[in-house]
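Undergrad: Next come a sequence and a model predicted from it.
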Amino acid sequence: MPLRIDVITIFPDYFAPLQLSLMGKAQQSGLVTIAIHDLREFTSDRHRSVDDTPYGGGAGMVMTPEPWGQAIDAVVTDQSTLIVPTPAGKLFSQPVAAELAHSTHLIFACGRYEGIDQRVVEYYRPRIDVRELSIGDYVLAGGDVATLAMIEASVRLVPGVLGNPESLVEESHQLPGVEYPSYTKPPTWRGLDVPEVLLSGHHDQIARWRAEQSTIRTTHNRPDLLPGS
Ligand SMILES: COc1ccc(Cn2ccc3ccc(-c4cc(N)[nH]n4)cc32)cc1
């Protein structure tokens with residue numbers, strides 16, 4: 001059963017990259033189907049408006065609920081998971097990507113302006129799985145880039161999408177800490193040599209060196225990922 005993804009956005013062109021590379025191959029292979037929907041197709045006024053002023057005052061505009069209700073109703077089933085990117089959401093992570101990779105149907109609601117009227121989340125929450133997700137503690141201009149990141153991180157975990165599933169085992173965020181540094185040819189580049197141990201053929205020494213390098217890198221860059229932190 002392929003993973004179906006429906007993306008609802010006012011900027012469909014943001015999702016052209018999903019036709020390229022691994023994401024494109026995943027769709028051609030039939031493992032994943034991705035459909036992009038323009039929210040403005042679900043408006044009913046002459047100006048195809050999707051936003052209005054916020055109740056309670058405040059800067060900016062808020063996206064009105066009805067176009068979202070029409071758009072989500074057009075694709076939702078009882079198997080759907082509705083994902084709403086937002087700076088206020090739970091943090092997206094590799095474990096969350098793995099969960100999404102094993103879903104049946106994902107609907108991404110890509111907001112803009114200051115976000116989407118909260119009643120959209122409130123309306124669907126009793127009916128289907130709804131997840132408000134952040135991709136990090138910084139503020140984007142909308143949910144589109146967050147959706148691209150979450151789709152890429154999740155689809156690459158769909159069984160069969162990655163040619164070599166072996167590469168999933170060692171990568172960062174699956175094992176404690178971050179991955180060790182990588183090197184390839186040439187053995188010397190602008191006077192810089194590849195660490196000798198990697199050319200030695202001693203696989204247990206290489207494994208030990210890589211584990212040490214992972215700990216050094218994690219301690220320096222991501223002490224929060226160290227065991228017991
Ligand atoms: C209340 O403050 C703001 C609220 C929203 C915005 C812009 N914006 C509109 C929709 C939307 C969806 C997701 C995100 C987002 C997600 C992450 N991790 N960073 N930024 C940002 C979004 C600006 C400010």
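TA: Ah, there it is. Residues are numbered from 1 along each chain as shown.

Undergrad: Please spell out which residues along the helix or strand hosting residue 216 are buried.
TA: Following DSSP states H and E, one finds residue 216 within helix 203-221. For helix 203-221, the neighbour count (16 or more other C-beta atoms under 10 Å) marks 206, 209, 210, 213, 214, 215, 217, 218 as buried. Where C-beta positions appear, they are placed from N, C-alpha and C, glycine not excepted.

Undergrad: Stretch 61-70 too?
TA: Neighbour counts using 16+ other C-beta under 10 Å place 61, 62, 63, 64, 65, 67, 68, 69 of stretch 61-70 among the buried residues.

Undergrad: Identify the farthest-apart pair in these.
TA: For those, the farthest-apart pair by C-beta to C-beta is 61 and 69; their separation is 18.1 Å.

Undergrad: How about the residue most central in space within the chain: what's its closest non-neighbour residue?
TA: The centre of the chain sits closest to residue 150, judged by C-alpha atoms, centre = their mean, with a distance of 0.8 Å. Spatial nearest neighbour of residue 150, chain neighbours left out: residue 92 (5.7 Å); criterion: C-beta to C-beta, 6 or more residues apart in numbering.

Undergrad: From what I see, the one you found and residue 147 are in contact.
TA: No: using C-beta atoms under 8 Å as the test, residue 92 is too far from residue 147 to be in contact (10.4 Å).

Undergrad: Look at those two and report which has more neighbours.
TA: Shown here are residue 92 and residue 147; by other C-beta atoms under 10 Å, residue 147 has more neighbours (27 against 21).

Undergrad: Compute the distance between that one and the ligand, please.
TA: According to C-beta to the nearest ligand atom, to the nearest Å, residue 147 and the ligand sit 9 Å apart.

Undergrad: what bridges to the closest residue to that residue other than its chain neighbours?
TA: Distances taken as C-beta to C-beta, 6+ apart place residue 108 nearest to residue 147, at 4.4 Å, with adjacent residues excluded. With DSSP bridges applied, residue 108 shows beta-bridge pairing to residue 7, residue 83.

Undergrad: just to revisit the earlier point, in contact with the residue nearest to residue 150, which residues?
TA: Neighbouring residues of residue 92 by C-beta atoms under 8 Å, 6 or more residues apart in numbering: 133, 134, 135, 146, 149, 150, 153.

Undergrad: Report the residue spans of this structure with pLDDT below the cut-off.
TA: Low-confidence segments of the chain, defined by pLDDT under 70: 170-175.

Undergrad: all helices of it, in order?
TA: Applying DSSP state H to the chain gives helices spanning 21-28, 65-73, 94-101, 119-124, 144-155, 166-170, 203-221.

Undergrad: what distance separates the first one from the middle of the whole chain?
TA: In other words, helix 21-28. 16 Å (C-alpha atoms, centre = their mean, to the nearest Å).

Undergrad: Right, I'll leave it there.
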